[in-house]
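> below are the sequence and a predicted model for it; my questions follow.
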Amino acid sequence: VINSKLASISIAPGDVVAICGSRSIEVVVAVLAVLRRGAVFLMLDDTLPVARRRQLVQATHTKLLISTSRISDVFAQSMGRSVMSLVLVNGTIDANVTLIKQESHDGEGFEPLDRDIAYIMFTSGSTGRPQGCRGTRSGLVNRIQWTLDTFPFSKSEVVCARTPLSFVDSITEMLVPVVA
């Protein structure tokens, strides 16, 4: 459903989609949908100050903001018309904008390249201005494979997700259990 919605609003390979919320199944589903479209995800932890989230969205020229809680929905509304937004809560999509219907093929024909960007993470900014770091699809696949090879686990095991969503380790904590 999310992939179809992304297609209907013309999210294309390389577009940045910010995902704002707390750790949830909706965040995982949103990340997978963004990756399937060939777009780039930017994780925004909803505990970050609004000014910081706004700065990151503007710095990356985010095309769409997906909110996964009513708290982050308030943030999405504060962005005004500068970025499209939709809310994904309890598996339901509530659109905050009029979505433009266009011909779509749900990512059909998209052939990801190893060097394509999968995600953007920002440094803490402790030395001044936060710096954006881009992670490639091949780097993400390699990290997931290394994690599975180094720390094998069965589907019946529980995975501890301890890292804030705005840090790179949260990506493997989120995606490794999905592919295991």
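Received the coordinates, thanks.

> for the protein, name the helix or strand with the lowest mean pLDDT.
strand 92-95 (a mean of 50; mean pLDDT, DSSP states H and E).

> those strands in the protein, which residues are they?
Assigned by DSSP state E, the chain shows strands spanning 16-21, 40-45, 64-67, 84-89, 92-95, 117-122, 132-136.

> which secondary structure elements does the first one contact?
For strand 16-21, the packing partners by 3 or more CB pairs under 8 Å, 6 or more residues apart in numbering; DSSP states H and E come out as helix 25-37, strand 40-45, helix 50-59, strand 64-67, helix 70-78. Any C-beta I mention is one placed from the backbone N, CA and C, and that applies to glycine too.

> kindly recompute the last result at 10 Å.
Other elements packing on strand 16-21 under the criterion 3 or more CB pairs under 10 Å, 6 or more residues apart in numbering; DSSP states H and E are helix 25-37, strand 40-45, helix 50-59, strand 64-67, helix 70-78, strand 84-89, strand 117-122.

> now for the first one, which elements pack on it?
Think helix 25-37. Using 3+ CB pairs under 10 Å, 6+ apart: helix 25-37 touches helix 2-8, strand 16-21, strand 40-45, strand 64-67, strand 84-89, strand 117-122, helix 169-179.

> weakest of those in terms of mean pLDDT?
Among the helices and strands packed on helix 25-37, strand 84-89 carries the lowest mean pLDDT, a mean of 61.

> quick one, what contacts residue 60?
Neighbouring residues of residue 60 by CB atoms under 10 Å, 6 or more residues apart in numbering: 16, 17, 18, 40, 42, 120, 122, 132, 134.

> so which of those residues is the most crowded?
residue 18 (28 neighbours; other CB atoms under 10 Å).

> bridging residues for that residue?
residue 42, residue 65 (DSSP bridges).

> which parts of stretch 18-34 are buried?
By neighbour count with 16 or more other CB atoms under 10 Å, stretch 18-34 contains the buried residues 18-21, 23, 26-34.

> any stretches of the protein with poor pLDDT?
Along the chain, segments meeting pLDDT under 70 span 1-5, 7-8, 69-113.

> on that earlier part again, quick one, which of the helices and strands packed on helix 25-37 is nearest to residue 138?
Closest approach to residue 138 among the helices and strands packed on helix 25-37 is made by strand 117-122 (8.8 Å; CB to CB).

> strands paired with that closest one, and their directions?
Here, using DSSP bridges, strand 117-122 pairs with strand 40-45 (parallel), strand 132-136 (antiparallel).
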